[in-house]
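>>> how would this look folded up:
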Amino acid sequence: MGLEELLAEAGGMGRFQVIMVVIIFIGKIFCGWSMFQMTFAGIVPDFHCETDDGPGHEALPSNVTLNSCSVPRNTSDPTSGNLDCVTYNFTGPYKTIMKDFALVCDQSWIKGAVTSIQMGGLMVGCISAGQLGDAVGRWKTNFLFVIILSLSNISAAFSPDWEVFAACRFFIGIGIGQYYT
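Numbering: from 1, shown residues only. Take a look at the predicted model:
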């Protein structure tokens, strides 16, 4: 007797089993979206540099392209150096963390750091979920981590700066780690 026959003998896959599988996988869909959110939130829209237009800076030359972190100081003197950006003007319809927190040029490393912080939270969640589940019970642990995941996602949406956003992503990682354990 093989596995298929054994499962058929036990009653097979009934309505209750189908409902349970659907309920379990609905939660995994939300966790998956939270995991991949940085892929979409980290898109860098087109931008150009805005300087304070101090002396020696004329209109932007035609060879200055978008996504440039500095502009030439003087178009007639190539040895005059570049002006650093004071602010960045973003174009395009995207609302991303790169645009909200101006994470371009010298701060472009922050996107990767936030993703790494989230993966650190995932590791903490995977390790702590089993221990906490044994100590207080699976139901309470699952409910606690769902609350952590929900509140962290909401808080990340309204974070005022990238540091708070990174902390929220850490707690999102903890919640996802428990759910995937």
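
>>> SS state for the spatially most central residue of the chain?
By Cα atoms, centre = their mean, the chain has its centre lying nearest to Met38, at 2.6 Å. Here Met38 is recorded as helix under DSSP: H, G, I helix; E, B strand; the rest coil.

>>> what about the helices in this structure?
3-10, 15-41, 97-100, 109-136, 138-157, 162-180 (DSSP state H).

>>> what sits up against the shortest one?
It stands for helix 97-100. Residues from elsewhere that reach helix 97-100 (Cβ atoms under 8 Å, 6 or more residues apart in numbering): 41-45, 47, 90, 103-104, 111, 114, 162, 165. In this view, the C-beta of every residue, glycine as well, is placed from N, C-alpha and C.

>>> nearest to Leu151, of these?
Within these, proximity to Leu151 (Cβ to Cβ) peaks at Phe165, which comes in at 14.2 Å.

>>> mind listing what the closest one touches?
By Cβ under 8 Å, 6+ apart, the residues touching Phe165 are 97, 101, 114, 156, 159.

>>> tell me the two of the residues you listed that are most distant?
Phe101 and Ala156 (12.1 Å).

>>> the two - which one has more neighbours?
Ala156 (21 against 18; other Cβ atoms under 10 Å).

>>> from what I can see that one touches Gly175, true?
No. Counting by Cβ atoms under 8 Å, Ala156 stays clear of Gly175, with 11.4 Å between them.

>>> out of the contacts of Phe165, who's nearest Cys85?
Among the contacts of Phe165, Phe101 lies closest to Cys85 (Cβ to Cβ), at 14.6 Å.

>>> rewinding a little: who's in contact with the residue nearest to the centre of the chain?
Taking Cβ under 8 Å, 6+ apart as the criterion, Met38 is in contact with 111, 114-115, 118, 169.

>>> brilliant, that's me finished.
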